[in-house]
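>>> no sequence on hand, only this structure:
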């Protein structure tokens, strides 16, 4: 069965071939601070708060924001106390049922009525996991307050947040719970099957809703320096097309063009290893899941060189390959 499983004690490093070295003077200010970026002198590393940085983390609480029962302060306190400086969180466009993938205490599977999405509830009942259906034409202020408080608390703990904007619908049950499914919203958006959710031509209204969510998140979070965006988690499942991924990258770039800060963009390439071919010019970080870094980086092709990697503590790791190509 295709599905997620828990990552343990993952060491995440940044590697790159600087295909285009941007000038060091191009600092990207976020709230008066420079957002995490690739190091201008050695793009093997990130630079954050004026220091070369390696991101290290352990755990999988992707539902830290969308699950109202989750105490994210305790979680971030624990990361900081253990000397870890990185976490990954999902936006709320994707949610899971209790028991999904046999993950215990899964934060992506909130109890009935405890799911907080970017879109507010409508007055129409009928959401299958409790409460009313969603209205994709409006935003939920409570969600954005909690998201900003999460990232702000992480910033105070010197933790970088990777916000994964979207996720494939691995099985029918995930699609049956998504606010983007027409059965769960009052807008008639999302009349496609689960393998057609992330395309450019199957449901134009759904694409517009995805673009609007991307713009809203990028705009609302522009002031944070401890943040980068991932287009989609594991896009090689569930019919996520490369053209759609490129369009979301375009939306991020277009939105930030009028904003003070420019944040890094990540693309999830593969489980284990795959060659990186013709990447979007705005993508600076390539993510691999369940990777053995020496083999993964070697298989990535010239874009992924130089081939250096490390992992600790688990046979299931995630590696990050970065390159300095973020356009102005």
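Good, I have the coordinates. Everything numeric here is computed off the predicted structure, so don't read it as measured data. Numbers count the residues shown, from 1 in each chain.
>>> can you give me the helices for the stretch 201-328 of the chain?
Per DSSP state H, counting those that start in this stretch, the stretch 201-328 of the chain has helices spanning 204-220, 242-256, 293-299. These are given in chain order.
>>> make JSON lines out of the ones you listed and add distance to residue 153, mean neighbour count and mean pLDDT.
Glycine gets a C-beta too; all of them are placed from N, C-alpha and C. Rendered in JSON lines, the data for those read as follows (distance: least, Cβ to Cβ, whole Å; neighbours: other Cβ atoms under 10 Å; pLDDT from 0 to 100):
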{"stretch": "helix 204-220", "distance to residue 153": "16", "mean neighbour count": "18", "mean pLDDT": "98"}
{"stretch": "helix 242-256", "distance to residue 153": "23", "mean neighbour count": "19", "mean pLDDT": "98"}
{"stretch": "helix 293-299", "distance to residue 153": "30", "mean neighbour count": "19", "mean pLDDT": "70"}
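>>> so which of these gets nearest residue 272?
Ranking the helices of the stretch 201-328 of the chain by distance to residue 272, with Cβ to Cβ as the measure, places helix 293-299 first at 6.7 Å.
>>> re earlier: out of the helices of the stretch 201-328 of the chain, nearest to residue 66?
Of all the helices of the stretch 201-328 of the chain, helix 204-220 comes closest under Cβ to Cβ, at 12.9 Å.
>>> so what's the residue count around residue 40?
Neighbour count of residue 40, defined by other Cβ atoms under 10 Å: 16.
>>> how far away is it from residue 34?
Per Cβ to Cβ, to the nearest Å, residue 40 is found 11 Å from residue 34.
>>> cool, and residue 52?
The span separating residue 52 from residue 34 equals 13 Å under the rule Cβ to Cβ.
>>> before we move on, back to that, redo the helices of the stretch 201-328 of the chain as a markdown table? Include distance to residue 189.
A markdown table is the format used below for the helices of the stretch 201-328 of the chain (distance: least, Cβ to Cβ, whole Å):
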| stretch | distance to residue 189 |
| --- | --- |
| helix 204-220 | 5 |
| helix 242-256 | 16 |
| helix 293-299 | 37 |
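>>> closest to residue 102 out of those?
That would be helix 293-299 among the helices of the stretch 201-328 of the chain, by Cβ to Cβ, at 25.8 Å.
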